[in-house]
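A.B. asks: Predicted model and sequence below, questions to follow.
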Amino acid sequence: MNEQAIVFKEVRAVRVLSTRRVTSSPPLLYNAAMDALRRHDLPFQRGPWIALVHGDGASSVDLEVGVIVPGDFTGSVPLADGGALTTRDLPPVQRMACLVHRGDYSSLGWSYRALRRWMAAHGYRACGPSREVYLNTSADVEDAADLLTEIQCPLEQLAEHPQEQPSKRRRAA
């Protein structure tokens with residue numbers, strides 16, 4: 001992985017159709033969600049896809065996966081295992097540390113480690129679940145090295161560090 005630029009963003013509220021599980025196999029959860037959307041032929045099945053990482057356990061992770069939907073969409077979509085994708089609104093976040101990971105999903109850990117090192121060096125800590133916004137998917141690229149995933153982590157400044165001014169501030173999804 002190349003060195004990634006970390007920027008601050010204000011992230012707007014967004015509506016998602018998602019499901020949450022503690023899983024040792026994130027790809028199975030994504031596939032179940034994608035299959036459900038395909039079965040119901042919903043117009044937003046291509047995404048953008050999003051994941052919220054609510055925890056980072058060693059052998060399993062508390063993961064929410066879903067797709068960003070129009071603000072007026074309501075309802076749920078049944079999953080084959082009896083669960084469901086349900087509609088909910090993610091709140092806006094005023095300060096997200098963001099970086100774009102380029103490469104296979106299996107190497108996302110490198111970018112998370114780089115983000116954690118940056119946070120520690122600059123006096124920040126996470127104050128909520130991180131988000132992964134999939135800017136493209138394997139259906140969009142021929143080579144997994146070209147996958148783009150934006151990692152977003154909500155931040156709070158540690159008391160012992162002075163307020164740092166971000167070099168860039170953007171508004172994004």
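C.D. replies: Good, I have the coordinates.
A.B. asks: switch to C-alpha atoms for all contacts and neighbour counts from now on
C.D. replies: Fine.
A.B. asks: Give me the pLDDT value at the spatially most central residue of the chain.
C.D. replies: Centroid check for the chain by C-alpha atoms, centre = their mean gives residue 132 as the closest residue, at 1.8 Å. pLDDT recorded at residue 132 is 94.
A.B. asks: Now name the helix or strand holding residue 19.
C.D. replies: strand 14-23 (DSSP states H and E).
A.B. asks: Listing partners with orientation, what would you give for that strand?
C.D. replies: Taking DSSP bridges as the criterion, strand 14-23 forms sheet pairs with strand 61-68 (antiparallel), strand 84-90 (antiparallel).
A.B. asks: Okay, now the unreliable bits of the chain?
C.D. replies: Per-residue confidence of the chain (counting by pLDDT under 70) places the weak regions at 1-3, 56-59, 161-173.
A.B. asks: Please enumerate the strands of it.
C.D. replies: Listed from the start of the chain, the chain has strands (DSSP state E) covering 7-11, 14-23, 49-53, 61-68, 76-78, 84-90, 93-102, 124-126, 130-134, 148-157, 169-172.
A.B. asks: got these as JSON lines, with distance to residue 108 columns?
C.D. replies: As requested, those are arranged in JSON lines below (distance: least, C-alpha to C-alpha, whole Å):
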{"stretch": "strand 7-11", "distance to residue 108": "17"}
{"stretch": "strand 14-23", "distance to residue 108": "17"}
{"stretch": "strand 49-53", "distance to residue 108": "12"}
{"stretch": "strand 61-68", "distance to residue 108": "14"}
{"stretch": "strand 76-78", "distance to residue 108": "28"}
{"stretch": "strand 84-90", "distance to residue 108": "22"}
{"stretch": "strand 93-102", "distance to residue 108": "7"}
{"stretch": "strand 124-126", "distance to residue 108": "17"}
{"stretch": "strand 130-134", "distance to residue 108": "10"}
{"stretch": "strand 148-157", "distance to residue 108": "8"}
{"stretch": "strand 169-172", "distance to residue 108": "21"}
